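no sequence for this one, just the structure:
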């Protein structure tokens, strides 16, 4: 079993806390949610650009967050910026219940996949992804499906399958971006075709 560093544990805990956004969306109007997410996305990307372009700011940023960053994020935008962009796009593109489901799949399903895959994964599928982690993602996303009101269960389960497939095979694109967009698109298509 792989031992997780404290920084990665904190990062994944914060990733789980992003479930706050879809839960908040239950109570906010679409326009309010879009304004909030656009503002946070703008601030996050601006911070990334500044720390990448202004070396002293970059050094301060790394001193504070170095243990929570993946190696590649030292040269590109962080996962936080990517998550906020995907949350904004999900709310912009999809109906409210679909966006809520897709973002919960990302926040909760993707996080559990990482922890289960890292701690218990034995069957490697693609890169560092494991069959055990992806099955955990699928199971948890299906459980979440039962709590999404205003959508037929078949729609959310189709989205859960899409989410866990993207988690397992991210197709070279950050799954923070791909997972909610693909699972949301699947749910909208299934909803349109069959209901």
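Sure, I can see it. Being a predicted model, the structure only gives us computed values, none of them experimental. Numbers count the residues shown, from 1 in each chain.

Can you list the residue ranges for helices in the chain?
With helices called from DSSP state H, the chain shows them at 6-17, 20-25, 30-53, 55-65, 79-93, 96-104, 111-120, 131-145, 153-168, 175-194.

Could you dump the ones you listed into CSV and include mean pLDDT, distance to residue 72 and mean neighbour count?
In short, each C-beta sits where N, CA and C put it, glycine included. Output for those, formatted as CSV (pLDDT from 0 to 100; distance: least, C-beta to C-beta, whole Å; neighbours: other C-beta atoms under 10 Å):
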stretch, mean pLDDT, distance to residue 72, mean neighbour count
helix 6-17, 73, 14, 15
helix 20-25, 96, 24, 19
helix 30-53, 94, 13, 15
helix 55-65, 78, 14, 12
helix 79-93, 94, 10, 22
helix 96-104, 97, 23, 26
helix 111-120, 86, 16, 20
helix 131-145, 93, 20, 21
helix 153-168, 93, 18, 23
helix 175-194, 92, 13, 21
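
Relative to its centre, which residue of this protein is most distant?
Most distant residue from the mean C-alpha position of the chain: residue 56, 29.9 Å away (C-alpha atoms, centre = their mean).

what residues are up against that residue?
Shown in contact with residue 56 (C-beta atoms under 8 Å, 6 or more residues apart in numbering): no residues.

ok, now how distant is it from residue 193?
Going from residue 56 to residue 193 by C-beta to C-beta, to the nearest Å gives 54 Å.

Same check on residue 156?
15 Å.

what does residue 82 give?
Plainly put, residue 82 is 30 Å away from residue 193 if you go by C-beta to C-beta.

Equivalent analysis for residue 129, please.
29 Å.

can you check residue 92 too?
For residue 92, the distance to residue 193 equals 22 Å [C-beta to C-beta].

Then residue 41?
Using C-beta to C-beta, residue 41 is found at 31 Å from residue 193.

now residue 148
Residue 148 sits 18 Å away from residue 193, going by C-beta to C-beta.
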